[in-house]
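S.K.: The following comprises the amino acid sequence and a computationally predicted model.
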Amino acid sequence: MEIILKEDVVNLGYKNDIVTVKSGYGRNYLIPSGKAVIASPSAKKMLAEDLKQRAHKLEKIRKDAEELAAKLEGVTLTIATKVSNSGTVFGSVGSIQIAEGLAKKGFDIDRRNIAVKDAVKAVGAYKALVKLHKEISVEVPFEVVAD
């Protein structure tokens, strides 16, 4: 079944995307929760008209994301955490700690837009992927050190 997303859905698509999903997922979860509508011909026409009117605003959002990406290029984070004698982190370092580190440097980025490939459970250097726009993402290097 084809649906039009009303908001960003993780691992599915972004707002105003037309995607194909299984009918149970669409009818039982996405549509009742207000995250999507059925992609009827009239809904597609309304979407096309809205996108035409919003093209200018979307270009500004994209330019802002590109500027933020340029600022994030040179940023490196150092995250201090409690570690054992062998260098193993108690718990793990995830997107929340990275978002807090970026906030201390003056970047307000939602933790859901930060992805760390593997669980960080040891002291060392790693990289996190920050998604700023559906087409723009930046790799931010960070280092985990003993507190």
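M.R.: On my side now, so go ahead.
S.K.: elements contacting the one helix or strand residue 59 maps to?
M.R.: Using DSSP states H and E, residue 59 sits in helix 41-72. Here helix 41-72 touches strand 2-5, strand 137-146, going by 3 or more Cβ pairs under 8 Å, 6 or more residues apart in numbering; DSSP states H and E. Glycine gets a C-beta too; all of them are placed from N, C-alpha and C.
S.K.: could you give the mean pLDDT of it?
M.R.: In this model, helix 41-72 has an average pLDDT of 89.
S.K.: can you give me how far that helix is from the chain middle?
M.R.: Centroid separation between helix 41-72 and its chain, computed with Cα atoms, centre = their mean, to the nearest Å, is 16 Å.
S.K.: And the contacts of the helix or strand just after it?
M.R.: The first helix or strand that comes after helix 41-72 along the chain, using DSSP H and E, is strand 77-81. Under the contact criterion Cβ atoms under 8 Å, 6 or more residues apart in numbering, strand 77-81 has outside partners 89-91, 93, 97-98, 101-102, 105, 140-147.
S.K.: now strand 77-81 against strand 137-146, angle please.
M.R.: Per axes from the mean of the first three to the mean of the last three Cα atoms, to 10 degrees, the angle that strand 77-81 makes with strand 137-146 is 40 degrees.
S.K.: Paired strands for strand 77-81, with orientation please.
M.R.: strand 137-146 (parallel) (DSSP bridges).
S.K.: Could I have the CA atoms of the strand it pairs with written out in CSV?
M.R.: What follows is strand 137-146, C-alpha atoms only, in CSV (Å, rounded to 0.1, in the frame of the first residue of the first chain):
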residue,chain,number,x,y,z
SER,A,137,25.2,13.9,7.1
VAL,A,138,28.6,14.5,8.8
GLU,A,139,31.0,12.1,10.6
VAL,A,140,32.1,13.5,13.9
PRO,A,141,35.2,11.9,15.5
PHE,A,142,35.1,11.5,19.2
GLU,A,143,37.5,10.0,21.7
VAL,A,144,36.5,8.2,24.9
VAL,A,145,38.9,8.8,27.8
ALA,A,146,39.0,7.7,31.4
